[in-house]
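[1] need coordinates for the below:
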Amino acid sequence: MIALGLVLILCIGLIAYETVNGLIQGRIGNMARGKRFAVYSLTTQPASFWFAVATHCLLALFLSGAASLLIWLGRTATVAPSRRDR
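    Numbers count the residues shown, from 1 in each chain. The predicted structure is shown next:
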């Protein structure tokens, strides 16, 4: 579980990089693959641009919560309970 949490942290970093890069360049793509992929420009489509930025941030927030939960579960599952000597 800890390894999966670390993979999610890597995904969060990539989403954050894409979001910051989109803010710097003024254009960002939605994260769909296939025919629905689109790139939104801040100058021509500001509402779609900010909606894509917001969805990127919400996805990163959700993944960070899932990663922290997985890492916490992985750490607590591997810790053996202390035994009392009788």
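[2] use CA for all of it now, contacts and neighbours both
    Noted.
[3] packing partners for the longest helix along the chain?
    In the chain, with assignment by DSSP state H, the single longest helix is helix 46-78. When contacts are defined as 3 or more Cα pairs under 8 Å, 6 or more residues apart in numbering; DSSP states H and E, helix 46-78 sits against helix 2-25, strand 27-29, strand 39-41.
[4] most tightly packed of these?
    Among those, strand 27-29 has the highest mean neighbour count (mean count of other Cα atoms under 10 Å), at a mean of 21.
[5] mind listing what residue 38 touches?
    Residue 38 makes contact with 29-30, 32, according to Cα atoms under 8 Å, 6 or more residues apart in numbering.
[6] mean confidence for stretch 73-86?
    The average pLDDT for stretch 73-86 rounds to 73.
[7] ok, stretch 33-47 next?
    88.
[8] ok now that stretch, how far from the chain's centre?
    Relative to the centre of its chain, stretch 33-47 is centred 20 Å away, using Cα atoms, centre = their mean, to the nearest Å.
[9] in it, which residues are buried?
    Of the residues in stretch 33-47, those buried under the neighbour-count criterion (16 or more other Cα atoms under 10 Å) are 40-42.
[10] mind listing what's buried along the longest helix of the chain?
    When burial is assessed from 16+ other Cα under 10 Å, helix 46-78 yields the following buried residues: 48-50, 52-53, 56-57, 60, 63-64, 66-68, 70-71, 74.
[11] which of those residues lies closest to residue 22?
    Residue 22 lies nearest to residue 53 out of the buried residues of helix 46-78, by Cα to Cα, at 8.2 Å.
[12] and the gap between the residue nearest to the closest one when sequence neighbours are not counted and residue 40?
    Leaving out its chain neighbours, the residue that sits closest to residue 53 by Cα to Cα, 6 or more residues apart in numbering is residue 19, at 6.3 Å. According to Cα to Cα, to the nearest Å, residue 19 and residue 40 sit 12 Å apart.
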